[in-house]
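1. My questions are about this predicted structure, shown below with the sequence.
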Amino acid sequence: MAPQDLQDLQDPKDPRGFQGFLESQEQLLWDHLALQVLLVLKDPLVSRDLLPAVVHLQGQGSAIQVKNDLSGGVLNDWSRITMNPKVFKLHPRSGELEVLVDGTYFIYSQVEVYYINFTDFASYEVVVDEKPFLQCTRSIETGKTNYNTCYTAGVCLLKARQKIAVKMVHADISINMSKHTTFFGAIRLGEAPAS
């Protein structure tokens, strides 16, 4: 689809355009999850299985220099904030998050990058079994701050034993692994659709 085609899809009543559409879809997802939590909390007889399985990982608070060495640019300095051990397993050495149950998953991540060595853009990928699934690229305006955050999210069908990771595309870049700026997670939305 060409950029002009995307502009044609935009609702003239919504000045935020396609990005606004994506933001509204993400907000609907979070509203749905909040409603499920409220239902379970309100009625103790409702099965806790209604709640989706969640994992949220945050950076451990320091700046790191990413090299394309043995890690291949995969970020592995994660701190577990919440994780359902029946559905997810973190491999701390590799930085990979293993899915233990087939299903449909919402995957999200954000990375804060410091621009150094005359780099004016940064890019990272969310990979599934080392293959790109999502990519986020940000540039920096000349004369502005030398850091920027980049957020991406998407829905993916995953099988048990598949691994998800955040991988920097370019080497020799600094990442702020602060818990509020760099994070990564997934939510199991439900069973995979029947084929």
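-> Structure's in. What do you need?
2. low pLDDT regions in the protein?
-> By pLDDT under 70, the weakly predicted segments of the chain are 1-26, 28-51, 67-71, 115-120, 140-145, 195.
3. so where do the strands sit in it?
-> Assigned by DSSP state E, the chain shows strands spanning 54-59, 63-66, 78-83, 88-91, 96-99, 103-114, 121-128, 131-139, 147-158, 163-168, 173-176, 183-190.
4. Can you add mean neighbour count and distance to Gln27 and give those back as CSV?
-> From N, CA and C alone the C-beta is placed, and that goes for glycine too. Putting the strands of the chain into CSV (neighbours: other CB atoms under 10 Å; distance: least, CB to CB, whole Å) gives the following:
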stretch, mean neighbour count, distance to Gln27
strand 54-59, 21, 17
strand 63-66, 16, 31
strand 78-83, 16, 21
strand 88-91, 17, 24
strand 96-99, 21, 24
strand 103-114, 22, 13
strand 121-128, 21, 20
strand 131-139, 14, 19
strand 147-158, 16, 12
strand 163-168, 23, 23
strand 173-176, 21, 26
strand 183-190, 20, 14
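5. closest one to Gly72 among these?
-> Nearest of the strands of the chain to Gly72, taken as CB to CB: strand 163-168 at 6.6 Å.
6. any chance of the strands of the chain in JSON lines, with distance to Gly72 too?
-> Converted to JSON lines, the strands of the chain look like this (distance: least, CB to CB, whole Å):
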{"stretch": "strand 54-59", "distance to Gly72": "18"}
{"stretch": "strand 63-66", "distance to Gly72": "10"}
{"stretch": "strand 78-83", "distance to Gly72": "16"}
{"stretch": "strand 88-91", "distance to Gly72": "14"}
{"stretch": "strand 96-99", "distance to Gly72": "11"}
{"stretch": "strand 103-114", "distance to Gly72": "16"}
{"stretch": "strand 121-128", "distance to Gly72": "9"}
{"stretch": "strand 131-139", "distance to Gly72": "13"}
{"stretch": "strand 147-158", "distance to Gly72": "19"}
{"stretch": "strand 163-168", "distance to Gly72": "7"}
{"stretch": "strand 173-176", "distance to Gly72": "14"}
{"stretch": "strand 183-190", "distance to Gly72": "16"}
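7. For the closest residue in space to Asn148 that isn't next to it in sequence, which residues are in contact?
-> Nearest residue to Asn148, sequence neighbours excluded (CB to CB, 6 or more residues apart in numbering): Arg138, at 4.7 Å. Applying CB atoms under 8 Å, 6 or more residues apart in numbering to Arg138 gives the contacts Val113, Phe121, Ala122, Ser123, Asn148, Thr149, Cys150.
8. Recalculate using a threshold of 6 Å.
-> By CB atoms under 6 Å, 6 or more residues apart in numbering, Arg138 lies in contact with Ala122, Asn148, Cys150.
9. Fine by me, we can end here.
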